[in-house]
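Engineer: model the structure of this input:
(4 chains)
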Protein chains: 2
Amino acid sequence: MVVVGKGPWLDDDEQKAWRSYLLMHKTLETHMERHLQREYGLSKSDFEILVNLSESKTGRMRAFELGRATQWEKSRMSHHLTRMEKRGLIQKVACDSRYPEIAITAEGMAAIEACAPAHAARIREFFVDVFGPDRLAVLGEVSDEIVDTIRKHEGNDCPPEVSGNC
Amino acid sequence: MVVVGKGPWLDDDEQKAWRSYLLMHKTLETHMERHLQREYGLSKSDFEILVNLSESKTGRMRAFELGRATQWEKSRMSHHLTRMEKRGLIQKVACDSRYPEIAITAEGMAAIEACAPAHAARIREFFVDVFGPDRLAVLGEVSDEIVDTIRKHEGNDCPPEVSGNC
DNA sequence: CGCGCTTGGTTGATGTGTCAACCCAGTCGG
DNA sequence: CCGACTGGGTTGACACATCAACCAAGCGCG
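Structural biologist: This next block holds a predicted model:
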């Protein structure tokens, strides 16, 4: 069924590993998201924003800083921040006349502090501990290599566009 | 900043590996999806469906078989198949009086055959070759272990619900 | 028979992501 | 000073995912 040899095709082992990986990621992601949503009413996106804000010294960041940290497109950021503000998790505060800062609210802080321990515990249980230290270290290395490879490749396609959504 | 010790918290190395992994996955997924979308007009979801249909002997499957293969919720499947039919990639054909079969159309077949080589080449370039055979084999093993771990855990929570959307 | 349960599937409301277009304040070259 | 360009951000239309509710066979069993 699978064409072998010199072509771009994957051989059976490669195919199998790739599909195992895809299934693993989907299973893990679904599990984590459902947990976050059902127990704490936060989506993965909410969580990402709140983590970044809560880890910053001041609890405030500009939208484009969040964009750099999360790798989201700016329109997604804008939409999601609007929704989060409506739910009281963050607040847009005007500061330097033009371009508001995004501030985490007490409610937002409470939400992330409530869910963080359980979230971390799940990462440990289903990911970190199953890998174990050695294999986990290897994964970290390969992950960075892959990101570099893709970045380098995309750099070739569109050199000038840096932080826009190339 | 990070609480260490016996708690659920991740230590620095673990945190770093986990975040590298997340970034890698997002970068890779975004790259693959954009490629598929821009060059071939297919979403990742379209691709998944078409792969399954094109790999089946008859080019036809029931919706719930596709659901088993893709791990999608049934409503997502229904919505997406409706949209794909509207675009001419698949067709719902009535057969056993009740419950249509999903058949890949000539157009759908052409679409996936057109994009498959380039898609496989990208998986090879950015994933398989960066890992290399040894590390890739390890990843495959760990992935299966993780899926087992999560499945076992979820089995504890909700034993009777098998294929529904527990 | 008739009641209820399960299975496969659809529907609609709502929340979320993406794309393209736009806005507005600097800024830089003339 | 004026026009073009850039960077940060918003908007609207649309594609997509999720949830809960529903529908319609078929099955089991009293």
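
Engineer: okay, and the helix or strand of chain A with the least pLDDT?
Structural biologist: None of the helices or strands of chain A scores lower by mean pLDDT, DSSP states H and E than helix A:129-157, at a mean of 91.

Engineer: what is it packed up against?
Structural biologist: helix B:12-40, helix B:129-157 (3 or more CB pairs under 8 Å, 6 or more residues apart in numbering or on different chains; DSSP states H and E). In short, each C-beta sits where N, CA and C put it, glycine included.

Engineer: any chance of those helices in JSON lines, plus mean neighbour count?
Structural biologist: Formatted as JSON lines, the helices and strands packed on helix A:129-157 follow (neighbours: other CB atoms under 10 Å in any protein chain shown):
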{"stretch": "helix B:12-40", "mean neighbour count": "17"}
{"stretch": "helix B:129-157", "mean neighbour count": "16"}
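
Engineer: between those helices, which gets nearest to residue A:109?
Structural biologist: With CB to CB as the criterion, residue A:109 lies closest to helix B:12-40 of the helices and strands packed on helix A:129-157, at 20.0 Å.

Engineer: for chain A, what lies in contact range of DNA strand D?
Structural biologist: Proximity of chain A to DNA strand D (CB under 7 Å from any atom of the strand) is limited to residues A:30, A:34, A:37, A:62-64, A:67, A:74-75, A:77-79, A:81-82, A:92, A:99-100, A:162-164.

Engineer: please pick the buried ones from those residues.
Structural biologist: A:63, A:67, A:77, A:81, A:100 (16 or more other CB atoms under 10 Å in any protein chain shown).

Engineer: do I have it right that the second one meets residue A:74?
Structural biologist: Yes: under the contact definition of CB atoms under 8 Å, residue A:67 touches residue A:74, with a separation of 5.7 Å.

Engineer: what's around residue A:80, how many residues?
Structural biologist: 19 (other CB atoms under 10 Å in any protein chain shown).

Engineer: which helix or which strand is home to it?
Structural biologist: Assigned by DSSP states H and E, residue A:80 belongs to helix A:74-86.

Engineer: check whether that helix contacts chain B.
Structural biologist: No: counting by CB under 8 Å from any CB of the partner chain, no contacts exist between helix A:74-86 and chain B, the nearest distance being 11.8 Å.

Engineer: what's downstream of that helix, the next helix or strand?
Structural biologist: Along the chain past helix A:74-86, the next helix or strand (assigned with DSSP H and E) turns out to be strand A:90-93.

Engineer: average pLDDT for that next one?
Structural biologist: For strand A:90-93, mean pLDDT is 96.

Engineer: do the same with stretch A:25-45
Structural biologist: Per-residue pLDDT over stretch A:25-45 has a mean of 96.

Engineer: please see if it touches chain B.
Structural biologist: Yes: judged by CB under 8 Å from any CB, stretch A:25-45 comes into contact with chain B at A:25-28, A:30-31.

Engineer: any chance of those in a markdown table, plus distance to residue A:57?
Structural biologist: Formatted as a markdown table, these follow (distance: CB to CB, whole Å):
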| residue | distance to residue A:57 |
| --- | --- |
| A:25 | 33 |
| A:26 | 36 |
| A:27 | 36 |
| A:28 | 31 |
| A:30 | 34 |
| A:31 | 32 |
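
Engineer: from those, which is closest to DNA strand D?
Structural biologist: Among these, residue A:30 lies closest to DNA strand D (CB to the nearest atom of the strand), at 6.7 Å.

Engineer: please name the nearest non-neighbouring residue to the closest one.
Structural biologist: residue B:71 (8.0 Å; CB to CB, 6 or more residues apart in numbering or on different chains).

Engineer: run a quick neighbour tally on that neighbour.
Structural biologist: 13.

Engineer: so it touches residue A:29, yeah?
Structural biologist: No: look at residue B:71 against residue A:29 with CB under 8 Å: they stay out of range, at 11.2 Å.

Engineer: still on that earlier bit, and the residue nearest to residue A:30, backbone torsions?
Structural biologist: Torsion angles at residue B:71 (phi, psi; degrees, to the nearest 10) stand at phi 70, psi 30.

Engineer: how near is residue A:58 to residue B:67?
Structural biologist: Between residue A:58 and residue B:67 the computed distance is 47 Å (CB to CB, to the nearest Å).

Engineer: same check on residue A:94?
Structural biologist: 49 Å.

Engineer: residue A:106 too?
Structural biologist: 43 Å.

Engineer: kindly report the same for residue A:19.
Structural biologist: 17 Å.

Engineer: please apply the same query to residue A:119.
Structural biologist: Distance from residue A:119 to residue B:67, by CB to CB: 28 Å.

Engineer: do residue A:141 as well
Structural biologist: On the measure of CB to CB, residue A:141 and residue B:67 end up 36 Å apart.

Engineer: residue A:61 pairs with what?
Structural biologist: residue A:102 (DSSP bridges).

Engineer: since we're on it, how many residues are nearby?
Structural biologist: 22.

Engineer: quick one: residues contacting it.
Structural biologist: A:52-53, A:69, A:101-102 (CB atoms under 8 Å, 6 or more residues apart in numbering or on different chains).
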